[in-house]
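*Asks:* Just the structure for this:
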Amino acid sequence: MISEAEQLDTLRELGIELSRVQDLDILMERILSEARRFVNADAGSIYIRDGKSLHFTYTQNDTLQQRLGKHEKLIYATFTMPINEKSIAGYVASTGQALSIGDVEEIPPSSPYHFDRQFDEASHYTTHSMLTIPLKTAKDEILGILQVINARDEANRIGPFSELAEKMMFHFASIAAVALERAQMTRAILLRMIRMAEMRDPKETGAHVNRVGGYAVEIYEQWAHRRNYSKKEIDKDRDILRMAAMLHDVGKVAISDLILKKPGRFNKEEYEIMKQHTVLGARLFQDPKSDFDDAAAEVSLTHHERWDGGGYPGYVNVSTGEALADFSNKDGSPKGKAAEEIPLYGRIVALADVFDALSSARVYKEAWDESKVLETIEKAAGSQFDPEIVEIFFSIIDVMRSIQKRFQDEL
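*Replies:* Predicted structure coming up:
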């Protein structure tokens, strides 16, 4: 039996690990998985507060996961609920007080909150014990709600959460809240950068970049599993890639409005100027101070390259935008990068960006039917896109659809 002192030491180490995760979505997944592991819970969910509402953000469930194939993921619907005392999560958010329920079937009828059985009925799952804890800032403000479900003992039997588990989860929640608040600040900074681009180019919305980031990390994870990368390496790369993918078009802030907002097609000269957003975006991350700077520069520079070598900007000097001497065509233009000359992150974001662009409505176009989008991507395998990336994309198309639903454009 692990002592309380040993558990506190583990919590301190975990706090250091969580502080290294920079992306908000990756952090929420990590918080939930570590919380469940710490108290041996079969399932759990995390909610984020937005004003007077809670957003159901992530869920995990070992029992349901076992019904899936290797590396498959649970597909779940996200939703919003009001912060009031009618639901368990809403009650905890309203009062700021944690709730430990030994068996949801035994909640008294006089209780202000009740257990919603819709999820259990739809998924053929049975919820028994539930520990729901507020994630609070140092100023006692509620950031979100952490909920762990069905405590398991050493024989894997379901029972209530112990007093020690409750105590440790309070400590865990305080550590998680610090990391969550920092990640929310990082996300806010990224979205402000993206809003600058959105002011220039209406295609660059917060929902668009969140979808592209979400698609990219799911594709990368499957690619890495095929190569037997360690979980630690995959988690680190996902964290970096998601943020870098969100900033793929940040270089557009330096492109003239006369070009960005032109209603018709570009002429040859305008198109050449437009293509410079890749170089200008990469230039923002020169003199890198972190792996994220390297990844963001890589994505900005290479997400318009093509597998067949017909993309842009090709082999250029990022500082000057000119073709590299040994990699130029006869006319002096830079040769395009081809196949695996294109860095992995660029190959992934190329597909993620095109999928979202074709699938989304814009002021100047309607969204394409999904069948047409998928047919276009399938035909572009081996020409525009890395064929393995296309294969992976189709293998997780249900996950792609769930990301679309989660980050919808504002009407």
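*Asks:* The closest residue to Thr80 other than its chain neighbours: what's it in contact with?
*Replies:* The shortest distance from Thr80 to any non-neighbouring residue, by C-beta to C-beta, 6 or more residues apart in numbering, is to Ser53 (4.9 Å). C-beta: built from backbone N, CA, C; applies to glycine. Residues near Ser53 by C-beta atoms under 8 Å, 6 or more residues apart in numbering: Thr80, Met81, Pro82, Ile83.
*Asks:* measure Ser53 to Ile31 for me?
*Replies:* In this view, Ser53 and Ile31 are 20 Å apart by C-beta to C-beta, to the nearest Å.
*Asks:* again with Tyr47
*Replies:* Distance from Tyr47 to Ile31, by C-beta to C-beta: 12 Å.
*Asks:* Between those two, point out the one with more neighbours.
*Replies:* A side-by-side neighbour count of Tyr47 and Ile31, using other C-beta atoms under 10 Å, places Tyr47 first with 31 against 27.
*Asks:* Can you spell out which helices and strands pack onto the helix or strand encompassing the more buried one?
*Replies:* Taking DSSP states H and E as the criterion, Tyr47 maps to strand 41-50. Identification of packing neighbours for strand 41-50 by 3 or more C-beta pairs under 8 Å, 6 or more residues apart in numbering; DSSP states H and E yields helix 24-39, strand 53-61, helix 62-65, helix 88-95, strand 142-152.
*Asks:* Next, the buried residues of that strand.
*Replies:* For strand 41-50, the neighbour count (16 or more other C-beta atoms under 10 Å) marks Ala41, Asp42, Ala43, Gly44, Ser45, Ile46, Tyr47, Ile48, Arg49 as buried.
*Asks:* Stretch 102-119 too?
*Replies:* Val104, Ile107, Tyr113, Phe115, Phe119.
*Asks:* same deal with stretch 77-86?
*Replies:* For stretch 77-86, by 16+ other C-beta under 10 Å, it's Met81, Ile83.
*Asks:* Just the C-alpha atoms of that stretch, please, in PDB.
*Replies:* Listed next in PDB are the C-alpha coordinates belonging to stretch 77-86 (Å, rounded to 0.1, in the frame of the first residue of the first chain):
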ATOM      1  CA  ALA A  77     -20.200  14.500 -28.300                       C
ATOM      2  CA  THR A  78     -19.300  17.700 -26.600                       C
ATOM      3  CA  PHE A  79     -22.000  19.900 -25.100                       C
ATOM      4  CA  THR A  80     -22.700  22.800 -22.800                       C
ATOM      5  CA  MET A  81     -24.600  22.800 -19.600                       C
ATOM      6  CA  PRO A  82     -25.700  25.700 -17.400                       C
ATOM      7  CA  ILE A  83     -24.000  26.200 -14.000                       C
ATOM      8  CA  ASN A  84     -26.700  25.500 -11.600                       C
ATOM      9  CA  GLU A  85     -27.400  22.900  -8.800                       C
ATOM     10  CA  LYS A  86     -29.400  20.500 -11.000                       C
END
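*Asks:* what's the offset of that stretch from the middle of its chain?
*Replies:* Chain-centre distance of stretch 77-86: 21 Å, with C-alpha atoms, centre = their mean, to the nearest Å.
*Asks:* what's next to that stretch, contact-wise?
*Replies:* 47, 49-50, 52-57, 87, 89-91, 93-95, 112-114, 402, 405-406.
*Asks:* still on that earlier bit, any chance of TSV for the helices and strands packed on strand 41-50, columns distance to Thr127 and mean pLDDT?
*Replies:* Converted to TSV, the helices and strands packed on strand 41-50 look like this (distance: least, C-beta to C-beta, whole Å; pLDDT from 0 to 100):
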stretch	distance to Thr127	mean pLDDT
helix 24-39	14	93
strand 53-61	10	93
helix 62-65	10	94
helix 88-95	10	96
strand 142-152	6	97
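*Asks:* what's the closest of the ones you listed to Glu221?
*Replies:* helix 24-39 (10.8 Å; C-beta to C-beta).
*Asks:* List the buried residues of that closest one.
*Replies:* Buried residues in helix 24-39 (16+ other C-beta under 10 Å): 24-32, 34-36, 38-39.
*Asks:* got TSV for these, with distance to Ala352 too?
*Replies:* Listed next are the buried residues of helix 24-39 as TSV, based on distance: C-beta to C-beta, whole Å:
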residue	distance to Ala352
Leu24	18
Asp25	15
Ile26	16
Leu27	21
Met28	20
Glu29	18
Arg30	22
Ile31	25
Leu32	24
Glu34	27
Ala35	29
Arg36	29
Phe38	33
Val39	35
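*Asks:* how much space is there between Glu270 and Lys252?
*Replies:* The value you get for Glu270 to Lys252, if C-beta to C-beta is used, is 14 Å.
*Asks:* ok, those two, which is more surrounded?
*Replies:* Per other C-beta under 10 Å, whichever of Glu270 and Lys252 has more neighbours is Lys252, with 22 against 17.
*Asks:* Give the residue spans of the stretch 201-350 of the chain that score low on pLDDT.
*Replies:* For the stretch 201-350 of the chain, applying pLDDT under 70 flags the ranges 201-205.
*Asks:* Helices of that one, residue ranges please.
*Replies:* Taking DSSP state H, counting those that start in this stretch as the criterion, the stretch 201-350 of the chain carries its helices at 206-226, 231-246, 257-260, 268-274, 277-283, 291-302, 344-359.
*Asks:* Out of those, which gets nearest to Met168?
*Replies:* The nearest among the helices of the stretch 201-350 of the chain, by C-beta to C-beta, is helix 231-246 at 22.6 Å.
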